[in-house]
Each structure stands twice: as structure tokens, then as C-alpha cells.
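>>> task: produce atomic coordinates for the following.
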Amino acid sequence: MKEKANKASLTKLGNQLHKNKLVKIGEILFLFILAYAFIKLIIPLAGDNPTLIQAVLWIANILMLIYVWIGLKLRDESWKDFGLTFKSISWRGGIKLLLLSLLVLVLALAGFIIGSIIMANITGIPEGANMTAYDYLKDNIGMLLLTLAGVYIVSSFGEEVIYRGFLITRISQIGADSKKAQNIAVIISSIIFGLIHYAWGPMGMVQTGFMGLALGICYIKLKRRLWILILAHAYMDTILMIQMYMASN
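Model prediction:
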């Protein structure tokens, strides 16, 4: 009886997530409250160790992915509803996917550069970023490869699922998936994407915000084919980590 009651409660919650706008808004807000609370609670335990601090942030992203997955299950949906499919594709389809991901890469980098130009005109050229957090990469190609593997999962995959797939889809649904709602969703997601990079300073937040705007537009225009964005994000993360590796040496 207890099991049936629990199942009925979960079904009722799933229905509310489908129909009730306030519940939908609450789902989005609680995702970021959960991540923020976890980081604030755990990150002091990492002290000044940059590797442990990064690990805490990665775990927070993983928890957010689990939360998003639970939301899908409650709605009786799957990753496909975010445009994330796992079916095999033909070699022609693979080439098309690759070319589109390269196009998205160019557009995302253009957004990043536009953000840089805007902030440079407002605040001037900032001092070079502090690279000491990546000193562990010095003369260690194995650690670079290990870091890249983690970045691909947590950043390339995780951030696209959360900030494009989940956030844009859920905000659009609040507005009945109208064109106006989609536009608002893209703008809000890009702002939040910029804010979560607060550790990069004002310049970094604006840069990543404009990059997120380009990625969000591509997500809508490419009919929510999320793998294209994940690949483009992976290219950018690869470039960034190789730059960190070179700088540490």
C-alpha cells in the first residue's frame, strides 16, 4: 500500500510539472538553489587547494545532471526531449554533425569575442588571468588528458544539458513554447550561463554570457540537436585546457 501511495505521489508531482507554471518555475529555481547550497557548504572544506575546489564544482554539476534526470523521469520523458539522442548515425550524418558543430564553434567564439570587445570598451583591457590554479598540469601530459576527460563529461556535456537542453526547454514550456517564450528562454539561459562563471570576473561573465547567447540561438535554430552543441563546447574546452597546459609550462 505504501509503495502504491508513493507511486501515486510521484505521478501527481509529474502531472504538476507538466501543467502547473509555478511548479515549473520552482523546479528551475530549486536546481540552482541546490547547487549553490552544496558549493557553499562543501567548498570551505577544500581550503585553498585549487584541485579540490574544482572537484567540488564538478560534483555540483553532476548533482545538477541527476536532478535534471529525475525531472525527466517524473514527467515520463527522456533525454530525447532535450534533443539528446543516442541512436547510431550514418557516415554522412556524422560528417554533417561535425560540420555543423564547427559552425557552432565559430559562432560561439564570435560571441565570446563580442563580449570581450564590449567589456574592453567599458572597463579597458584587464590584467592577464591568474594561471596558478593550473600549475598541476606543468610537464604532466597525463594529467592534461585526465582533466580533459573530466571536462568533457562535466563541462562540455553537463553544461549543454543543463544550460541549453534543460533551461531553455523548461523556460520555453512556461510560455507554452511560443517563439517569444523561446527568445526569452535563450536570453535568460545566457545570462545565467554568464553568472555561473563569476570566478572569471566581470570580463569572463560577459564573455561567457555572449557565448551562451550564441549557443542558445544555435540550439533553437538547429532544432534542439544537442550533440552539435556538445561537440562545439568540447572543442572550446580542448582549446582552453591546452592553453592552460602551455601557460603552466
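
>>> wait, what's in contact with the residue nearest in space to the middle of the chain?
Nearest residue to the geometric centre of the chain (Cα atoms, centre = their mean): Glu159, 1.7 Å. Applying Cβ atoms under 8 Å, 6 or more residues apart in numbering to Glu159 gives the contacts Asn61, Phe193, His233. Every C-beta, even on glycine, is put in place using the N, C-alpha and C of the backbone.

>>> how close does it sit to Ile62?
Distance, Glu159 to Ile62, using Cβ to Cβ, to the nearest Å: 12 Å.

>>> domain parsing for this protein?
1-77, 89-249 (automatic domain parsing).

>>> Gly83 is nearest to which of those domains?
Relative to Gly83, the nearest member of the domains of the chain by Cβ to Cβ is domain 89-249, separated by 3.3 Å.

>>> how about the helices in the chain?
2-19, 21-42, 50-74, 91-123, 141-151, 158-159, 167-174, 179-195, 201-221, 226-248 (DSSP state H).

>>> any idea which helix or strand of this protein has the worst average confidence?
helix 2-19 (a mean of 72; mean pLDDT, DSSP states H and E).

>>> Leu13 touches Lys73, doesn't it?
No: taking Cβ atoms under 8 Å as the definition, Leu13 is not a contact partner of Lys73, at 10.7 Å.

>>> between those two, which one's more packed in?
Under the neighbour definition other Cβ atoms under 10 Å, Leu13 and Lys73 were set side by side, and Leu13 has more, 16 against 12.

>>> look up how far Thr11 lies from the nearest residue to that one once chain neighbours are set aside.
Leaving aside its sequence neighbours, Leu13 sits nearest to Leu74 (Cβ to Cβ, 6 or more residues apart in numbering; 5.7 Å). The gap separating Leu74 from Thr11 is 8 Å, by Cβ to Cβ.

>>> the two: which has the busier surroundings?
Using other Cβ under 10 Å, the more surrounded residue of Leu74 and Thr11 is Leu74, with 18 against 12.

>>> wait, doesn't that one sit right on Leu17?
Yes: using Cβ under 8 Å, Leu74 makes contact with Leu17 at a distance of 5.8 Å.

>>> please compute how far stretch 144-160 lies from its chain's middle.
Taking Cα atoms, centre = their mean, to the nearest Å, one finds the center of stretch 144-160 at 11 Å from the center of the full chain.

>>> where are the low-confidence patches of this protein?
Where the chain drops to pLDDT under 70, the residues are 1-10, 125-135, 248-249.

>>> which residues touch Arg224?
Phe82, Gly83, Gly165, Thr169.

>>> ok, the residues you listed vs Phe112, which is closest?
Among the contacts of Arg224, and counting by Cβ to Cβ, the member closest to Phe112 is Gly165, at 20.6 Å.
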